[in-house]
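**Student:** Here is a sequence together with a model predicted from it:
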Amino acid sequence: MSKRLLILLIVLVTACGGTAATTTASETDDTTTTAPVEEEGGEEGTGETVDFADMPQECIDAFVVFLQAIEPVVEGFDFENATLEDMETIGTELEAATEGPTAEMENLDCPDPSGTDEEAFAAMIEIAENEAPGTVAYFEWIESFAGSFEEGEGIIGGSSGDCETDIEMMGAIIAENDSMGDMTLAEVTEFGSLMTAITTECSTDRAQEFLSQPEVQEFLASGG
């Protein structure tokens, strides 16, 4: 599978009808290719892009194997409300479950899908619905979470733009949680937004004064 899709599928947890034999890409004339890129040092990339419907069947089959490998791990898991500790646990399980399928997809060095990430996710989710429905919620969560960063929500969405207000907000989060491991991924993202805001909006002395407080240092250390 292409590097682009592998990053979309795996980066957040290591932080995409019928059976594998019958699932086929539909016939279209939308294929777009560029000249192959000469490989150096074993780097991945054919320089080719194709419509997802024209993805080589061996790549589709390998993706189905990937889906079936992760389905027992992700089915029923509440990604929206999982704590950081929960995510670390499932990440370890996913890494073990996907080691073989991921290596196989990398070895195939499949072309990148043309079109937008939204179109690629839609195609992957369609395959997941047919082949491993227990993975659909996982892909929808990845798409939603990745989209929040593209829209800026994961970068500045948790901050107010005012130094003292952001310090107060971060202090409230620290008071409400025993450790960073008790926070959901969305809450950790908001916490990171506040951290970035405090170091950029506050004076150096004010930011250092707050961040050097023992309870703040202890909380930050709890994140590993």
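**Tutor:** Structure's in. What do you need?

**Student:** give me the element residue 89 is part of.
**Tutor:** helix 84-108 (DSSP states H and E).

**Student:** chain center to that helix, what's the gap?
**Tutor:** Computed by Cα atoms, centre = their mean, to the nearest Å, the chain-centroid distance of helix 84-108 equals 12 Å.

**Student:** Let me know the average pLDDT across it.
**Tutor:** The pLDDT scores in helix 84-108 average 86.

**Student:** Could you list the domains of the protein?
**Tutor:** Domain assignment for the chain by automatic domain parsing gives 3-151, 156-221.

**Student:** Could you report the neighbour count for residue 131?
**Tutor:** By other Cβ atoms under 10 Å, the residues close to residue 131 number 23. (Glycine included, C-beta is placed from N, CA and C.)

**Student:** Check it and give its pLDDT.
**Tutor:** Note for residue 131: predicted pLDDT of 95.

**Student:** all strands for the chain, in order.
**Tutor:** Here the chain has its strands, by DSSP state E, at 49-50, 112-113.

**Student:** Given the last one, what are its sheet partners and their directions?
**Tutor:** Strand partners for strand 112-113, identified by DSSP bridges, are recorded as strand 49-50 (parallel).

**Student:** Can you get me the start-to-end distance on stretch 109-128?
**Tutor:** 21 Å (Cα to Cα, to the nearest Å).

**Student:** next one: stretch 173-188
**Tutor:** 10 Å.

**Student:** which parts of it are buried?
**Tutor:** Under the neighbour-count criterion of 16 or more other Cβ atoms under 10 Å, stretch 173-188 has 173-174, 177, 179-181, 183-188 buried.
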